[in-house]
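J.: sequence? don't have it. structure:
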């Protein structure tokens, strides 16, 4: 008896342990990227704890993450072209492919069935089955002159579509992926050198920042047929009179109360554009440095702003009703990214140079928790699965 | 050996079976209420299947459901005052209490820690610990004349607050539950007999329909101190010239592109109000019957409308850009409720009189799946955990 019972008991314990760690809701889970270590942490926002650490992701500089519609699987896009599907519940990699030489992120379609990667090298978009990472389609980003472009600003849209921008070709592409083995591309001239793009949370407006000229390219996706036009002249990189320490992420723009809140390029300002009035500038707010991310709390009442070096130890909070900075925080050194909990009662900040993540209460502005992390960069919560352009 | 091994193997199998069914993401899960049977179905929207059925909920007429922030637990509010916490992964009731004699639904706070029930008898609001259903506070709905009111329109707000309306007292209460054992109540005069209320998805506007007079009571929750004022005169029940077959649910109102789309009372119309312009009426759309629910797809491009008897076999789709009915569907008999998938690629309809739930593709308007259900009423998906007023 003794010799046979022990292995059975051990097996039982192992199964129970596996079972106990894996059975949990995924609505409060997320991922913290440890860039330098090529590693991710699996975290949860109810108790504000780390659940697991997973290695082996390669180059995670500028890494981004999207989530399956069930919240269980994360898709991690590495800079080296690695695309990895992670089971958050079992803290394991289920599938991994090196799908390009140089990649800059990706998206997942409205129905959750297709994962798309946007690549610099070779320039294009590749589509994969979300369950298996089986390749479904390769869409080379070939411009009017027959040459390949780098692809930026990839975003999922309502109607099982994607939008993306082609840097060298100066085009915005809208891609219908209802049949993902036979995607249909609509090409719009956009302007010189779009360097990033975003879609508003309602899926109506796609914007691309232009590196090669002033202003932004705007597409009203409700218009038929869609067309790109220029807005916010004077905003673009082309006329920026100040040195730019870090190009802002367009994905960091915030929509609140029908206005877009966006980081001015090279200036210590957040700009406000009125979406109901042709995206004209509607005001500016002076801030503590060159803004990088300008992110709205889920209720849109406040936007939180972090900054480029040498002000990257500061975070400011703007009240969108009064358009005033209502709080200046110094949470830590090297604040790289911010992520709100799904209903915004807390915000998580990655502190690269202090090797930690700090969580703040958005009502009291008091710190709630600190989690150790090795040079953390991006923070991504599973609630992104339920939003466009995330 | 034989006598001891068999029980161990059985135990092992049972554990594995329990484990295998329970490990899954919760982001695509939901609940269908089978009203007459006092039963709920646990469903998932990726494969569009029923996962489990759970009995023993008592009177589920007018039942509603909110979800824990992790997506694992559902809180079911029965008409008989029953409040039940269900583990969706293990398909089991974990806690149940009869907390009142007659109840009309509830809410969960922004941080997910407190569940609140709104009661007709005895009139008031009760707060419970979301993890244990331990009672935390009892807030009797006592009006200026010292008498108890029925409570309606309970909604969670940003800043760990709740809002609710008192029918007899004619008041709107804003309740700070940051310390849930000592809630702080702010009382606002609202008008005669508020019968339901809702908060907009951004948490800024709280509206209460008035049974005793024309129009609606509106509170701008960003204003300090908050006050209620009257809007949309001519809308209220008081002046309705047509017989009303079913009072519309205010929770069925839709926000899209800065406009509110709401069911006219007694008329075959959907009204449009401009939130940026004092909530003045901005138009009407003629529809096939007396609207009950007017629900926006997550992207706001379309609103779907169902109707009171004798038009409750019809569903219409309005394009919010052109303000025209673009599709009239006859999906089944007795369409009681509609719920969109988190990103809106599909909508689930409960067909009470045909004993089924049907799922439609929102792009093609084609049916995707049919699930058997015993007189289904409400359908609720876990993505509600991530939204205000849901």
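T.: Here it is on my side, so go on. In this text the structure is predicted, and so the values were computed from the model without any measurement.
J.: can you list the domains in chain A?
T.: A:52-231, A:244-390 (automatic domain parsing).
J.: For residue A:200, give me its contacts.
T.: With contacts defined as CB atoms under 8 Å, 6 or more residues apart in numbering or on different chains, the neighbours of residue A:200 are A:207, A:255, A:260, A:275, A:388, A:389. C-beta: built from backbone N, CA, C; applies to glycine.
J.: Turn the domains of chain A into CSV, including mean pLDDT.
T.: Formatted as CSV, those follow (pLDDT from 0 to 100):
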stretch, mean pLDDT
domain A:52-231, 95
domain A:244-390, 92
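J.: from the contacts of residue A:200, which are also near chain B?
T.: Subset of those in contact with chain B: residue A:388, counting by CB under 8 Å from any CB of the partner chain.
J.: May I see the contacts of residue A:200 arranged in a markdown table, with neighbour count and distance to residue B:233 as well?
T.: As requested, the contacts of residue A:200 are arranged in a markdown table below (neighbours: other CB atoms under 10 Å in any protein chain shown; distance: CB to CB, whole Å):
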| residue | neighbour count | distance to residue B:233 |
| --- | --- | --- |
| A:207 | 28 | 39 |
| A:255 | 19 | 31 |
| A:260 | 22 | 34 |
| A:275 | 21 | 29 |
| A:388 | 22 | 37 |
| A:389 | 21 | 39 |
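J.: Make JSON lines out of the contacts of residue A:200 and add secondary structure.
T.: Shown next, in JSON lines, are these (DSSP: H, G, I helix; E, B strand; the rest coil):
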{"residue": "A:207", "secondary structure": "strand"}
{"residue": "A:255", "secondary structure": "strand"}
{"residue": "A:260", "secondary structure": "strand"}
{"residue": "A:275", "secondary structure": "helix"}
{"residue": "A:388", "secondary structure": "coil"}
{"residue": "A:389", "secondary structure": "coil"}
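J.: Please identify which of the contacts of residue A:200 is nearest to residue A:180.
T.: residue A:388 (17.9 Å; CB to CB).
J.: Quick check, that closest one in contact with residue A:201.
T.: Yes. Using CB atoms under 8 Å, residue A:388 makes contact with residue A:201 at a distance of 6.0 Å.
J.: which ones are touching residue A:254?
T.: A:260, A:261, A:262, A:294, A:295, A:296, A:300, A:303.
J.: Which residue, other than its chain neighbours, is closest to it?
T.: Distances taken as CB to CB, 6 or more residues apart in numbering or on different chains put residue A:296 closest to residue A:254, at 3.5 Å, once the chain neighbours are dropped.
J.: list the contacts for the one you found?
T.: By CB under 8 Å, 6+ apart, the residues touching residue A:296 are A:254, A:255, A:256, A:261, A:302, A:303, A:320.
J.: Could you do residue A:349 as well?
T.: Contacts of residue A:349 (CB under 8 Å, 6+ apart): A:306, A:315, A:331, A:332, A:335, A:337, A:338, A:357, A:358, A:359, A:360, A:379.
J.: Just grab the bridge partners of it for me.
T.: residue A:338, residue A:358 (DSSP bridges).
J.: quick one: it and residue B:24, what's the gap?
T.: Distance, residue A:349 to residue B:24, by CB to CB, to the nearest Å: 31 Å.
J.: same question, residue A:129
T.: Distance from residue A:129 to residue B:24, counting by CB to CB: 19 Å.
J.: Between the two, point out the one with more neighbours.
T.: residue B:24 (22 against 15; other CB atoms under 10 Å in any protein chain shown).
J.: can you tell me how far that one sits from chain A?
T.: From residue B:24 over to chain A the distance is 6 Å, taken as CB to the nearest CB, to the nearest Å.
J.: Just to check, that residue is in contact with residue A:70?
T.: Yes. Using CB under 8 Å, residue B:24 makes contact with residue A:70 at a distance of 6.7 Å.
J.: any residues in contact with both of these two?
T.: Joint contacts of residue B:24 and residue A:70 (CB under 8 Å, 6+ apart) are residue B:44.
J.: near chain B, which residues of the stretch 51-200 of chain A?
T.: Counting by CB under 8 Å from any CB, the stretch 51-200 of chain A comes close to chain B at A:67-73, A:88-90, A:110-112, A:158-160, A:178.
J.: try 6 Å
T.: Contact residues (CB under 6 Å from any CB of the partner chain) of the stretch 51-200 of chain A with chain B: A:69, A:70, A:71, A:72, A:89, A:110, A:111, A:158, A:159.
J.: I figured the second one was touching residue B:26, is that so?
T.: Read that as residue A:70. No. Judged on CB atoms under 6 Å, residue A:70 makes no contact with residue B:26 at a distance of 7.4 Å.
J.: These two - which one has more neighbours?
T.: For residue A:70 and residue B:26, the more surrounded residue by other CB under 10 Å is residue B:26, and the numbers stand at 27 against 22.
J.: Find the helix or strand that that one is a member of.
T.: Under the criterion of DSSP states H and E, residue B:26 resides outside all helices and strands.
J.: quick one, phi/psi of it?
T.: phi -110, psi 0 (degrees, to the nearest 10).
J.: Also residue A:276?
T.: phi -80, psi 0.
J.: Quick one: residues contacting it.
T.: Residue A:276 is in contact with residue A:258, counting by CB atoms under 6 Å, 6 or more residues apart in numbering or on different chains.
J.: returning to that earlier point: out of the contacts of residue A:296, list just those in strands.
T.: Residues of those located in strands (DSSP state E): A:254, A:255, A:256, A:261, A:302, A:303.
J.: Quick one: distance of whatever helix or strand residue A:208 lives in to the chain centre.
T.: Here residue A:208 sits within strand A:205-210, counting by DSSP H and E. With CA atoms, centre = their mean, to the nearest Å as the basis, strand A:205-210 stands 15 Å off its chain's centre.
J.: next one: stretch A:315-324
T.: How far stretch A:315-324 lies from its chain's middle: 22 Å, per CA atoms, centre = their mean.
J.: now the strands: where do they sit in the stretch 1-150 of chain A?
T.: Assigned by DSSP state E, counting those that start in this stretch, the stretch 1-150 of chain A shows strands spanning A:29-34, A:39-44, A:49-54, A:64-67, A:73-77, A:82-87, A:92-98, A:102-108, A:114-121, A:123-129, A:135-140.
J.: Tabulate these (a markdown table), appending distance to residue A:383.
T.: What follows is those, written out as a markdown table (distance: least, CB to CB, whole Å):
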| stretch | distance to residue A:383 |
| --- | --- |
| strand A:29-34 | 8 |
| strand A:39-44 | 12 |
| strand A:49-54 | 17 |
| strand A:64-67 | 8 |
| strand A:73-77 | 13 |
| strand A:82-87 | 17 |
| strand A:92-98 | 21 |
| strand A:102-108 | 14 |
| strand A:114-121 | 18 |
| strand A:123-129 | 23 |
| strand A:135-140 | 26 |
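J.: Quick check: closest non-adjacent residue to residue A:306.
T.: residue A:335 (4.7 Å).
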